[in-house]
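**Student:** Task: produce atomic coordinates for the following.
(chains A and B)
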Amino acid sequence: GQNIDQPTEMTATEGAIVQINCTYQTSGFNGLFWYQQHAGEAPTFLSYNVLDGLEEKGRFSSFLSRSKGYSYLLLKELQMKDSASYLCAVRVGSNYQLIWGAGTKLIIKP
Amino acid sequence: SAVISQKPSRDICQRGTSLTIQCQVDSQVTMMFWYRQQPGQSLTLIATANQGSEATYESGFVIDKFPISRPNLTFSTLTVSNMSPEDSSIYLCSVEEGTGASYIQYFGAGTRLSVL
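**Tutor:** You can find the predicted model right below:
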């Protein structure tokens, strides 16, 4: 079967760093995506990893280890506006289909 | 990325009625996707809509309940038919853009549906 696991909820402090983990067990792998979704809004694309290693994009970085079926999203210098759900998704083949995690709700406290 | 306009943004409907959701893209795209996201849940793909062919439905979703139209490369509609309270959800359309292996899905703002 296809499975993606993320923590349900995390809390962090404004200005700090937080790491959101995602583990996956899928029948194939052709890329991992992170999306941000504010309450009541659509998901917005954050990052894409298909090779092992770290991809940095401003305050956000995403890491992938294919051998471990593991990824994390690292958010630095947290701001209150980073309070949102963060969704991990895996493309399992050469087609369009994405397998979605349930999302991690991130709460930022002053 | 493509600009995706979805409407209505929200609606409250009576049991047994139907609602058609529209998705307009500002560029031509081959594939459009319709998702459902129930409260506190992840995204579930309903169907994939290609222009000029029948939509492809995922397990658990049928055409009679969720008819889809795709008349051209920039527009699609999803109808939620004979609604029940269990259909209360956010419905999202998305399109895929990119080249080679780097195809990214982008989403419309969603339609928040409440069925009474």
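**Student:** partners of the lowest-mean-pLDDT helix or strand in chain A in the sheet?
**Tutor:** Within chain A, no helix or strand scores below strand A:98-100, which has a mean of 91 by mean pLDDT, DSSP states H and E. Pairing partners of strand A:98-100, with direction, according to DSSP bridges: strand A:84-91 (antiparallel).
**Student:** which outside residues touch the strand it pairs with?
**Tutor:** Here strand A:84-91 makes contact (CB atoms under 8 Å, 6 or more residues apart in numbering or on different chains) with A:2, A:4, A:6, A:20, A:22, A:24, A:26, A:29-39, A:43, A:46, A:71, A:73, A:97-101, A:103-106, B:42-43, B:103. Placement of C-beta: from N, CA and C, glycine included.
**Student:** and the closest residue in space to B:Pro39 that isn't next to it in sequence, bridged to which residues?
**Tutor:** Spatial nearest neighbour of B:Pro39, excluding adjacent residues (CB to CB, 6 or more residues apart in numbering or on different chains): B:Ser89 at 7.6 Å. With DSSP bridges as the criterion, B:Ser89 is bridged to B:Leu113.
**Student:** sorry, back to before: which of the contacts of strand A:84-91 count as buried?
**Tutor:** The neighbour-count criterion (16 or more other CB atoms under 10 Å in any protein chain shown) marks A:4, A:6, A:20, A:22, A:24, A:26, A:30-37, A:43, A:46, A:71, A:73, A:97-101, A:103-106, B:42-43, B:103 among these as buried.
**Student:** how near is A:Glu77 to chain B?
**Tutor:** 25 Å (CB to the nearest CB, to the nearest Å).
**Student:** Output stretch A:65-75 in CSV, but only the C-alpha positions, please.
**Tutor:** Presented in CSV, the C-alpha positions along stretch A:65-75 are these (Å, rounded to 0.1, in the frame of the first residue of the first chain):
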residue,chain,number,x,y,z
SER,A,65,16.7,10.7,1.7
ARG,A,66,15.3,8.2,-0.7
SER,A,67,17.0,5.2,0.9
LYS,A,68,15.3,6.0,4.2
GLY,A,69,11.9,7.1,2.7
TYR,A,70,12.3,10.4,4.6
SER,A,71,12.0,14.1,4.1
TYR,A,72,11.8,17.1,6.3
LEU,A,73,10.9,20.7,5.8
LEU,A,74,12.9,23.2,7.8
LEU,A,75,11.5,26.6,8.6
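**Student:** what about it, near chain B?
**Tutor:** No - judged by CB under 8 Å from any CB of the partner chain, stretch A:65-75 stays clear of chain B, getting no closer than 13.9 Å.
**Student:** Check what contacts the least confident helix or strand of chain A and list those residues.
**Tutor:** So strand A:98-100 is contacted by A:2, A:4, A:24, A:26, A:33, A:87-92, B:42-45, B:105 (CB under 8 Å, 6+ apart).
**Student:** count of residues packed around B:Gly98?
**Tutor:** B:Gly98 has 12 neighbouring residues, counting by other CB atoms under 10 Å in any protein chain shown.
**Student:** Just give me the neighbour total for the residue nearest to it when sequence neighbours are not counted.
**Tutor:** Among residues not flanking B:Gly98 along the chain, B:Ile104 sits closest, at 5.3 Å (CB to CB, 6+ apart). Applying other CB under 10 Å, we find 16 residues neighbouring B:Ile104.
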